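Engineer: okay, here's the prediction I keep looking at, along with the sequence it came from:
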Amino acid sequence: MKVIGIIAEYNPFHNGHLYQINKIKDLYPDSLIIGIISSCFTQRGDISILNKWDKTKISLDSGLDLVIELPFVYATQSSDIFAKGAIEILNKLKIDTLVFGTESDNINKLKELADIQINNKEYNNKVKEYLDTGLNYPTSLNKALEDFSQYKVDTPNDLLALSYIKEIIKNNYNIEVINIKRTTSYHGEEIHNNITSASNIRKLYLEAKDISNLIPYNKKILYKISMNKYFNYLKYKIITEGISLNKYQTVDEGIENRIIKEIDNSNTYEELIQNIKTKRYTYNKISRMLLHILTNFTKEEAKDILIDYIRLLGFSINGKQYLNTIKKDIQVPIITRYKKGISKVLDIELRITNLYSLITNNTELEKEYKNNPIIKGLD
């Protein structure tokens, strides 16, 4: 039996995600699938319009066997840190195969590029050269890779795949990597066989357009929210904290001055990001910065973060049986709900859920203390 890991944000879960799970089951009929999912906020600094418990139930109903939470401290950071947390959890859960979506269809080329990033001593110097010209990090990375390989990697899922592969190589994890080519682009608005990007679904939903053919469940469970709901909270923090904003995670290189300048020129969260955005600072990087300011996630808190627990959100019967066979070999506690004192990472997660609850549903916070893992087939 193959034990397969997938890493996803499910913001929201859609037909493309279902396609991926079904494809895995076609390729590996005798397999167990473990999903690592982001909860309240995502890697590009956005809010999730589907809460973690509904994500879990839909994931189990769609074929996953174990659903595990990716902590906020990993889920909302750059691709390398995001990958580090997710892959480490999956390795602790003893997967033998990682499956991910890519824009390209050449997994061997991605492995070759990951090897360049790890082992070519000139690579980092080349990246720095491009950064010094004022380019942002993703563009500098891509240009440096192109210099060494004549191969361009400039799409989000391919870049994330590189981070996954690097993490596996660096830690010598015994994990095989398999890619499934995406049928649509990451941010594209095209719809093909009722599959489109999650960003397009969010856009259509917030515009009150019909998305019922794009998701395999009732859209009524989705929250009609965006980060704009937090704008006044964020504005208050920026105005009152001023130059000390640089204490927050990912707020670097004097960008706090630009944030302070533009907060009075902006009327929404989205407008603020666009006003701060420059050639060096990408939309996603700024979005993560603002989220870390909003959530009070400091550089000090981000120091020495560890995977020192595994949060189980749901399981199938097969998933429970598998977990029972390996749990004695897992060196960190497997937890099912919040309990004070287990981990500073878990304490941060509670704070994040509290903030999420402000504009979603105030029972979200209560569920952190009370909810047991969801069991497939039970409500």
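Structural biologist: Happy to help now that I have it. Residues are numbered from 1 along each chain as shown.
Engineer: can you get me a residue count around residue 122?
Structural biologist: For residue 122, the count of nearby residues is 11 (other CB atoms under 10 Å). All C-beta atoms are positioned from the backbone trio N, CA, C, and that covers glycine.
Engineer: what's the closest non-adjacent residue to it?
Structural biologist: Nearest residue to residue 122 in three dimensions, chain neighbours excluded: residue 148, at 7.7 Å (CB to CB, 6 or more residues apart in numbering).
Engineer: which parts of the particular helix or strand that has that neighbour in it are buried?
Structural biologist: Assigned by DSSP states H and E, residue 148 belongs to helix 137-149. Buried residues in helix 137-149, counted by 16 or more other CB atoms under 10 Å: 137, 138, 139, 140, 141, 142, 143, 144, 145.
Engineer: would you mind putting those residues into a markdown table with pLDDT and distance to residue 50 alongside?
Structural biologist: Formatted as a markdown table, the entries for the buried residues of helix 137-149 read as follows, by pLDDT from 0 to 100; distance: CB to CB, whole Å:
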| residue | pLDDT | distance to residue 50 |
| --- | --- | --- |
| 137 | 83 | 29 |
| 138 | 84 | 27 |
| 139 | 87 | 31 |
| 140 | 88 | 34 |
| 141 | 85 | 30 |
| 142 | 85 | 31 |
| 143 | 89 | 36 |
| 144 | 90 | 36 |
| 145 | 88 | 34 |
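Engineer: hmm, back to that, with only the CA atoms kept, save the helix holding residue 148 in PDB.
Structural biologist: Extracted in PDB, the C-alpha atoms of helix 137-149 (Å, rounded to 0.1, in the frame of the first residue of the first chain):
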ATOM      1  CA  TYR A 137      13.000  37.300  -5.000                       C
ATOM      2  CA  PRO A 138      10.800  35.000  -7.200                       C
ATOM      3  CA  THR A 139      12.000  36.800 -10.400                       C
ATOM      4  CA  SER A 140      15.600  36.700  -9.200                       C
ATOM      5  CA  LEU A 141      15.300  33.000  -8.400                       C
ATOM      6  CA  ASN A 142      13.800  32.300 -11.900                       C
ATOM      7  CA  LYS A 143      16.500  34.300 -13.700                       C
ATOM      8  CA  ALA A 144      19.300  32.600 -11.800                       C
ATOM      9  CA  LEU A 145      17.800  29.100 -12.600                       C
ATOM     10  CA  GLU A 146      17.500  30.100 -16.200                       C
ATOM     11  CA  ASP A 147      21.100  31.100 -16.300                       C
ATOM     12  CA  PHE A 148      22.200  27.700 -15.100                       C
ATOM     13  CA  SER A 149      19.700  25.500 -16.800                       C
END
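Engineer: which other helices and strands contact that helix?
Structural biologist: Helix 137-149 is packed against helix 107-119, helix 123-132, helix 156-170, with contacts defined by 3 or more CB pairs under 8 Å, 6 or more residues apart in numbering; DSSP states H and E.
Engineer: tell me what the strand or helix carrying residue 292 is packed against?
Structural biologist: Taking DSSP H and E as the definition, residue 292 sits inside helix 283-294. Judged by 3+ CB pairs under 8 Å, 6+ apart, helix 283-294 is in contact with helix 231-241, helix 255-263, helix 269-276.
Engineer: deepest of those, which one?
Structural biologist: Comparing the helices and strands packed on helix 283-294 by mean neighbour count (mean count of other CB atoms under 10 Å), helix 269-276 ranks first with a mean of 19.
Engineer: list of residues touching it?
Structural biologist: Contact with helix 269-276 is made by 226-228, 230-231, 234, 255, 258-259, 262-263, 265-266, 283, 286-287, 290, as judged by CB atoms under 8 Å, 6 or more residues apart in numbering.
Engineer: kindly recompute the last result at 7 Å.
Structural biologist: 227-228, 230-231, 234, 258-259, 262-263, 265-266, 283, 286-287, 290 (CB atoms under 7 Å, 6 or more residues apart in numbering).
Engineer: now the helix holding residue 292 against helix 156-170, angle please.
Structural biologist: 70 degrees (axes from the mean of the first three to the mean of the last three CA atoms, to 10 degrees).
Engineer: follow-up on the earlier one: most tightly packed of the helices and strands packed on helix 137-149?
Structural biologist: Buried most deeply of the helices and strands packed on helix 137-149, by mean count of other CB under 10 Å, is helix 156-170, with a mean of 21.
Engineer: which is the next helix or strand following that helix?
Structural biologist: strand 176-181.
Engineer: and the pLDDT at the closest residue in space to residue 340 that isn't next to it in sequence?
Structural biologist: Excluding the flanking residues, the one nearest residue 340 by CB to CB, 6+ apart is residue 347, at 7.1 Å. At residue 347, the model reports a pLDDT of 97.
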